[in-house]
Structures are given as structure tokens and as C-alpha cells.
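**Q** Please work out how this folds:
(2 chains)
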Amino acid sequence: EPEVTQTPSHQVTQMGQEVILRCVPISNHLYFYWYRQILGQKVEFLVSFYNNEISEKSEIFDDQFSVERPDGSNFTLKIRSTKLEDSAMYFCASSKGQVGETQYFGPGTRLLVL
Amino acid sequence: GNSVTQMEGPVTLSEEAFLTINCTYTATGYPSLFWYVQYPGEGLQLLLKATKADDKGSNKGFEATYRKETTSFHLEKGSVQVSDSAVYFCALMGSNYQLIWGAGTKLIIKP
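**A** Residues are numbered from 1 along each chain as shown, chains lettered A, B, ... in the order given. Alright, predicted model coming up:
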């Protein structure tokens, strides 16, 4: 069964450094998402992406964040200058459509900013 | 705004016990509702969903019915197993297709 994959599984970085989190969505899906979960808190929506552009973003997704689909398979989340509060589990998801469609999640990348 | 409230955990049960995890929501309109499960060390997996009022989602012995009159989507299973130990998340799909999540309920099943 097709699945969403994410790399790396864990990333440790110094405050102020740039990180790129990578995702490979399910191949015939058209909508892509990033969510994050800070330890002990709810899962939060960051951004959705369709047709090579952002379709929705949350207040969390400020100028420090960007997303890209550099080729036909990868979907990346870049944090330009990481802060301590960016430490979280980051989940990528994809779906075929939007209305009522299931979003399929990857295993997540645990980011620790020191 | 939209929100989801789940019962706090952890919920600890013995094997073969009956499970209920409560989930209520606040939303405009009739959003699609989901239960996701996260097993230890793994990602978020869809367990079941319902897209309209009175729909019942079911999978692996778990069920949940979309009740618009009580704005609820409680998760139930008649006889739990040790392998059901996980964190369960209730979520709704907002008007802009983002998932809005409950806090998660940790379920511990003892043999």
C-alpha cells in the first residue's frame, strides 16, 4: 500500500540554523500539507499546497517558513532561521482531493532546536 | 471558531473491556469527522471517518457515529486488545480543508 515517507526521522540543529524537512507524498495525490505537534500540545496545521502554490496557511506559518515541490515527487518544508520554539514533530500529509478526503500522514520528523 | 474536545487520558482498561473515547466538536456547518491513531513510534494513521450526519465509520472493530444533534463523534470498541494501546485523535475538517485536532487520548490496555 502506498505511503507518505519523511526524512530525516530526527534532526537536531542549533538555533538560527536553516533546516529542510523532506516528504514524499503518495504518487497520485494532488494536495499536500504540513502539520506540527509541539510536545504535549495539539497537532496544528501549518500549510496546504496545491498546483505548485500555497492554498492555505496558518498564523504559525510566518516568513521563516517556506514550502516547495522541487521535483515531481518531493515536498519540502524549510525553516530559515530556527528558534527554540520550533522544536516539534513535523508531519507531512497528502490527499487526492479536498472535500471530505482522507489526509494520509507520514511518520513525522522530530526536530530539536538547541 | 472550529474546535475539537476529547476526553483526557490516559484511559486504562483490561483486555476485552468495552471502550468509549468521547469527542465533541464545535463547527459551522457539517464538517467531515475523523479518528486517527498513533501507535508508539509511528505516525498518524486514519482509523475511521464520517462525512455527513448519522454516518457511522468503522474499522478494525472500532466504530463512531456522526451525531449532529449532540455534535459528537465518540469512538467505541466492544472488546479491546493489548495491541489497541495507542494515542487516539479526533479531528474535523475545517472549511478550508485543514484538519483541526483534539488533544489526543492515550489508551493503555492491560493483559
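
**Q** and the residue lying closest to B:C23 once chain neighbours are set aside, bridged to which residues?
**A** Nearest residue to B:C23, sequence neighbours excluded (C-beta to C-beta, 6 or more residues apart in numbering or on different chains): B:C90, at 3.5 Å. C-betas here are computed from N, CA, C, even on glycine. Counting by DSSP bridges, B:C90 is bridged to B:W35.

**Q** What distance do you get for B:C90 to B:Y36?
**A** Per C-beta to C-beta, to the nearest Å, B:C90 is found 8 Å from B:Y36.

**Q** Looking only at neighbour counts, state which of these two leads.
**A** Neighbours of B:C90 and B:Y36, each counted by other C-beta atoms under 10 Å in any protein chain shown, are more numerous for B:C90; the result is 29 against 25.

**Q** element containing the residue nearest the centre of chain A, please.
**A** By C-alpha atoms, centre = their mean, chain A has its centre lying nearest to A:W34, at 3.2 Å. In the assignment (DSSP states H and E), A:W34 maps to strand A:31-37.

**Q** Output that strand in CSV, but only the C-alpha positions, please.
**A** Below are the C-alpha coordinates for strand A:31-37, written out as CSV (Å, rounded to 0.1, in the frame of the first residue of the first chain):
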residue,chain,number,x,y,z
TYR,A,31,-2.8,18.1,-2.2
PHE,A,32,0.0,18.3,0.3
TYR,A,33,0.1,19.5,3.9
TRP,A,34,2.4,20.2,6.8
TYR,A,35,1.3,19.9,10.4
ARG,A,36,3.3,20.1,13.6
GLN,A,37,2.9,18.9,17.1
